[in-house]
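Trainee: Below: sequence and its predicted model.
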Amino acid sequence: MVRHFSRMILVAAAVFAGGVQADGRLVVEDAWIRTAPPVAPMRAGYATLRNGGDAPLVVRGARSDAFGAVTMHATQIDDGVARMRELSEIRLDPGEKVALEPGGRHLMLMRPSRELEAGAKVTIVFEIGEDVSTATADFVVRDAGDGGEHDHH
């Protein structure tokens, strides 16, 4: 009973701190999706991923009912040209944070199943480790706020 109560407090603390935590390991903070025209076939998702556990973890992928496919990507600059490459995993040591941000690592959200206007919430499930445990986070659709960011449309 005490263990269950402690776990509830830990999850509640993560939610009130702006993050979502699953099984004491992956914390997803400041999760958002950039707005796009309704006909755009792709969106980009951003967040801060943090390992809240005491062992290394590996994010192996993500999925969402709101999109036909979700992949992890990184933007690289090759000879002055920005190119994206798909990531098979993101590794985090205990306490480490990894930013999913414009112009860097990010989620590619392809083939939206519905219109996503500013203020809408989208649930994304992150797949973690060999045992494929999961962490679920709500991403809020919003405008980027500044024009200097990497764009996917």
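Mentor: That came in fine, so what should we check first?

Trainee: which strand in the chain runs the most residues?
Mentor: Using DSSP state E, we find that the single longest strand of the chain is strand 67-78.

Trainee: Show me what that strand is packed against.
Mentor: strand 57-63, strand 81-87, strand 105-112 (3 or more CB pairs under 8 Å, 6 or more residues apart in numbering; DSSP states H and E). In this view, the C-beta of every residue, glycine as well, is placed from N, C-alpha and C.

Trainee: With distance to T134 added, can I get those in TSV?
Mentor: Converted to TSV, those look like this (distance: least, CB to CB, whole Å):
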stretch	distance to T134
strand 57-63	9
strand 81-87	18
strand 105-112	15
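
Trainee: weakest of those by average pLDDT?
Mentor: Comparing these by mean pLDDT, the weakest confidence falls on strand 81-87, with a mean of 91.

Trainee: Each with direction, which strands does it pair with?
Mentor: Partners of strand 81-87 in the sheet, by DSSP bridges, are strand 67-78 (antiparallel).

Trainee: The partner strand to strand 57-63, inter-axis angle?
Mentor: Here strand 67-78 points in a direction 120 degrees away from that of strand 57-63 (axes from the mean of the first three to the mean of the last three CA atoms, to 10 degrees).

Trainee: Can you give me the end-to-end span of stretch 109-127?
Mentor: One end of stretch 109-127 to the other measures 15 Å (CA to CA, to the nearest Å).

Trainee: From G45, how far out is the closest residue to K121 other than its chain neighbours?
Mentor: Beyond its immediate neighbours in the sequence, the residue positioned closest to K121 (CB to CB, 6 or more residues apart in numbering) is D138, lying 4.8 Å away. Separation of D138 from G45 (CB to CB, to the nearest Å) stands at 11 Å.
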